[in-house]
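S.K.: here's a sequence, model it:
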Amino acid sequence: MRCLNEELERIKEFEEKNNALVYTAIHSYYLELGKMTSYLFVSDFKDEEWEMDRADLKQGQSLV
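M.R.: This next block holds a predicted model:
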């Protein structure tokens, strides 16, 4: 339970720092790097970021 609480606290910190909402966390383990957690999130900066995202998509760059 302690690990879960620590992870939730890290997510909350990320959300507050980045003004974002994390909707999933992916835990991975790599021999070269060790444990890694990736957050999938949506930001609150749609007006600034969406225009750039659309331009990237037109150039064939996907952002995930």
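
S.K.: low-confidence regions, the chain specifically.
M.R.: Where the chain drops to pLDDT under 70, the residues are 1, 45-49, 62-64.

S.K.: just checking, what packs against the longest helix along it?
M.R.: In the chain, with assignment by DSSP state H, the single longest helix is helix 2-18. Here helix 2-18 touches strand 20-30, strand 34-43, going by 3 or more Cβ pairs under 8 Å, 6 or more residues apart in numbering; DSSP states H and E. In short, each C-beta sits where N, CA and C put it, glycine included.

S.K.: give me the contact list for stretch 22-40.
M.R.: Applying Cβ atoms under 8 Å, 6 or more residues apart in numbering, the contact partners of stretch 22-40 are 7, 10-11, 14-15, 41-42, 64.

S.K.: and that stretch, how far out from the chain middle?
M.R.: 10 Å (Cα atoms, centre = their mean, to the nearest Å).

S.K.: can you check stretch 53-64 too?
M.R.: Here stretch 53-64 is found 17 Å from its chain centre; the criterion is Cα atoms, centre = their mean.

S.K.: same deal with stretch 29-41?
M.R.: The chain centre lies 12 Å from the centre of stretch 29-41; the measure is Cα atoms, centre = their mean.

S.K.: name the residues of that stretch that come out as buried.
M.R.: Neighbour counts over stretch 29-41 (16 or more other Cβ atoms under 10 Å) mark Tyr39 as buried.

S.K.: pull the CA atoms of that stretch into CSV?
M.R.: Taking only C-alpha atoms (Å, rounded to 0.1, in the frame of the first residue of the first chain), the coordinates of stretch 29-41 have been written out as CSV:
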residue,chain,number,x,y,z
TYR,A,29,11.5,-2.4,-16.5
TYR,A,30,14.6,-2.1,-18.8
LEU,A,31,17.8,-4.0,-18.1
GLU,A,32,19.9,-1.0,-19.1
LEU,A,33,17.9,1.6,-17.3
GLY,A,34,15.9,-0.1,-14.5
LYS,A,35,12.4,0.8,-13.5
MET,A,36,10.6,3.6,-15.5
THR,A,37,7.1,5.0,-15.2
SER,A,38,5.5,6.8,-18.2
TYR,A,39,2.5,9.1,-17.7
LEU,A,40,-0.1,9.5,-20.3
PHE,A,41,-1.8,12.9,-19.7
